[in-house]
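Undergrad: can you look at this prediction? I've put the sequence above it.
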Amino acid sequence: MTTMQPLPLWMDLPVELAGLILCRLLSPTDRLRFIAVCRQWRLAAKQQHPLPSALPWLRLNYDTFQSLPDGQLRHYCMSLGFFSPVCISDGWLLCPRSSSGPDDELFMTNPFSKDTIKLLVPDNCVSSLGGFRAMSQLHKMIVCQGDLIAAIFFGGYVCFYRPGAPSWQVCPHDLRGEWYEDIAFHHGKVYALTTKEDLFAFEAGDSEAAEVSRASHVEHTIRAVHQLQPPTANLEKLLAKRYLFTSSAKLLMVELIDHGVPFQRILGPRIIEKIEVKVFEEELTTGQWVQLKKLDDGQALFVSRGCSKAIPLSGHDPGFQGNRVYFMVLFLWIDYRTIGSGDFSST
């Protein structure tokens with residue numbers, strides 16, 4: 001009589017094979033479920049450190065997020081009193097909260113770690129008091145190394161803050177008709193991109209000396225050169241959207257221009273005929289932006305105003321491929337391999 005062989009257990013899966021499976025999971029939720037199975041799988045996760053970047057979540061409304069690539073909806077219940085959170089960086093949300101005092105408050109909260117950090121309302125960076133008014137004038141906020149926070153506000157201010165500090169550090173500017181459009185943390189510095197594609201670098205060290213010098217020392221790393229263009233082209237360039245972020249060891253700028261009926265976008269609904277996307281790399285030795293023809297190592301660029309991220313994709317998921325730019329807010333994706341022709345279609 002033959003004896004029944006016992007079924008293999010989850011923990012019997014070889015650690016090396018479990019690690020390969022984990023690397024193919026692109027959803028943060030799936031990775032958490034994976035390491036919760038057993039001790040052996042948690043060991044496999046430690047041996048795969050650092051893991052490839054996971055796909056981001058899309059924030060659809062106040063408390064609803066969509067997980068990529070499975071498309072499942074996730075609900076995150078905000079703490080009592082929080083209102084209208086804004087996505088910033090590395091999983092952090094920024095949100096104001098009503099207080100019992102005369103002013104509102106600002107908090108950073110992380111849905112994954114459940115951490116919450118209280119921020120001082122940047123009264124010296126904005127024109128009016130209160131967390132809600134500060135949020136309305138905030139253009140972008142990022143978390144740098146350690147607990148240092150950098151932000152740009154409408155009006156052209158770059159500000160720095162460390163939780164517990166008595167005030168925000170405000171950097172003076174002389175943009176002369178420009179304003180800051182995006183910021184990114186790269187190689188120990190905070191880089192700020194202007195609407196005319198100039199690039200400025202601010203020190204972002206941890207020492208007190210860096211705190212003092214940051215507001216007084218600004219390096220103009222790239223001075224954009226503009227050629228004379230027809231009035232319509234100048235308008236399209238003015239209304240273009242630009243995004244700044246890091247990819248591997250590079251600092252990239254993504255430029256999105258929609259070619260529509262002239263002036264129609266200002267006077268009424270936009271009629272878009274063609275979308276043009278360009279990706280540039282900073283070249284500090286020449287002080288210029290250099291246009292790229294392809295992205296390195298299967299990188300995919302997920303772009304939004306609140307948070308942008310470069311993620312290397314292995315190609316295992318047919319819905320998301322490398323060498324592409326995904327615009328999260330506009331709900332379109334663009335195949336970067338067709339950039340040479342200049343024609344793009346949205347889906």
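TA: Thanks, I have it.

Undergrad: pLDDT value on residue 75, please?
TA: What the model reports as pLDDT for residue 75 is 79.

Undergrad: what of the one 3 residues further on?
TA: At residue 78, the pLDDT value in this model is 60.

Undergrad: repeat for residue 206
TA: Looking at residue 206, its pLDDT is 53.

Undergrad: same check, this time on residue 192
TA: Listed pLDDT for residue 192 reads 92.

Undergrad: what do you get for the one 10 residues further on?
TA: Here the pLDDT value assigned to residue 202 is 90.

Undergrad: and residue 226, by the same measure?
TA: For residue 226, the model assigns a pLDDT of 60.

Undergrad: swap in residue 132?
TA: Note for residue 132: predicted pLDDT of 49.

Undergrad: and the chain, what are its domains?
TA: As given by automatic domain parsing, the domain ranges for the chain are 10-52, 225-347.

Undergrad: would you single out the least confident of those?
TA: Among the domains of the chain, domain 225-347 has the lowest mean pLDDT, at a mean of 70.

Undergrad: excluding sequence neighbours, find me the nearest residue to residue 54.
TA: residue 28 (4.7 Å; CB to CB, 6 or more residues apart in numbering). (Glycine included, C-beta is placed from N, CA and C.)

Undergrad: again with residue 66
TA: Among residues not flanking residue 66 along the chain, residue 58 sits closest, at 4.3 Å (CB to CB, 6+ apart).

Undergrad: partner strands of the helix or strand where that neighbour lies, with direction?
TA: Residue 58 belongs to strand 57-59 when assigned by DSSP states H and E. If you go by DSSP bridges, strand 57-59 pairs up with strand 64-67 (antiparallel).

Undergrad: need the residues that contact the strand it pairs with.
TA: 27-29, 55, 57-60, 72-76, 111 (CB atoms under 8 Å, 6 or more residues apart in numbering).

Undergrad: and the strand holding residue 58, what's its mean pLDDT?
TA: The pLDDT scores in strand 57-59 average 78.

Undergrad: count the neighbours of the nearest residue to residue 165 once chain neighbours are set aside for me.
TA: The shortest distance from residue 165 to any non-neighbouring residue, by CB to CB, 6+ apart, is to residue 120 (7.0 Å). Neighbour count for residue 120, taken as other CB atoms under 10 Å: 17.

Undergrad: run through the residues that contact residue 120.
TA: Per CB under 8 Å, 6+ apart, neighbours of residue 120: 106, 161, 165-168.

Undergrad: can you rerun that using 7 Å?
TA: Applying CB atoms under 7 Å, 6 or more residues apart in numbering to residue 120 gives the contacts 161, 167-168.

Undergrad: now do the residue nearest to residue 54 against residue 289, distance only.
TA: 33 Å (CB to CB, to the nearest Å).

Undergrad: ok, residue 28 touching residue 55?
TA: No - the criterion here is CB atoms under 7 Å, and residue 28 misses it with residue 55 at 8.1 Å.
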